[in-house]
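**Student:** sequence? don't have it. structure:
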């Protein structure tokens, strides 16, 4: 069974940092495009950061540019480094993967087939 598992969420003060991880069970993420999405209470899910299957193309939401960095390592794990966190970054963060997105990146959630259960990020003093 194909599963994605996110970790690294938690409570952090404004200005702090967190690093989210996304690992796969039952398959490898090597050839999958990956997206990080988030959903705050009462709001629609939004794409935060996305990376192509090769790792060479990234895209970010305007609200996180310069603060968040998406990356992937040789073991095919994917990370979201979040710096200078703000209260408005509070949300459940999900990673998503899809093998059909090749050579490009997209942060459109409907293009991703596999989803994790999410990890809560709370930014509060």
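**Tutor:** That came through, no problem. Predicted, not measured: the structure shown is a model, and the values here were computed from it. Numbering: from 1, shown residues only.

**Student:** pLDDT score for the most centrally placed residue in the chain?
**Tutor:** Nearest to the mean C-alpha position of the chain, by Cα atoms, centre = their mean, lies residue 36 at 2.1 Å. In the prediction, the pLDDT value recorded for residue 36 is 98.

**Student:** just residue 75 next, same as before
**Tutor:** On the pLDDT scale, residue 75 gets 68.

**Student:** who does the helix or strand that contains the residue nearest to the centre of the chain pair up with?
**Tutor:** Per DSSP states H and E: residue 36 is located in strand 33-39. Looking at strand 33-39 with DSSP bridges, its partner strands are strand 46-51 (antiparallel), strand 91-98 (antiparallel).

**Student:** what's next to it, contact-wise?
**Tutor:** 20, 22, 45-53, 70, 72, 78, 80, 89, 91-99, 101-102, 104-107, 109, 112, 118, 121 (Cβ atoms under 8 Å, 6 or more residues apart in numbering). All C-beta atoms are positioned from the backbone trio N, CA, C, and that covers glycine.

**Student:** please apply the same query to stretch 22-32.
**Tutor:** 1-7, 34, 36, 53, 72, 76-80, 95, 97-99, 101, 114, 116.

**Student:** how distant is that stretch from the center of its chain?
**Tutor:** 14 Å (Cα atoms, centre = their mean, to the nearest Å).

**Student:** buried residues, that stretch. List them.
**Tutor:** Neighbour counts over stretch 22-32 (16 or more other Cβ atoms under 10 Å) mark 22, 23, 24, 27, 29, 32 as buried.

**Student:** what's the lowest-pLDDT member of these?
**Tutor:** residue 27 (83).

**Student:** which of the buried residues of stretch 22-32 lies closest to residue 64?
**Tutor:** Lowest distance from residue 64 to the buried residues of stretch 22-32 (Cβ to Cβ) belongs to residue 22, with 16.2 Å.

**Student:** tell me how far that closest one lies from residue 62.
**Tutor:** Counting by Cβ to Cβ, to the nearest Å, the separation of residue 22 from residue 62 is 22 Å.
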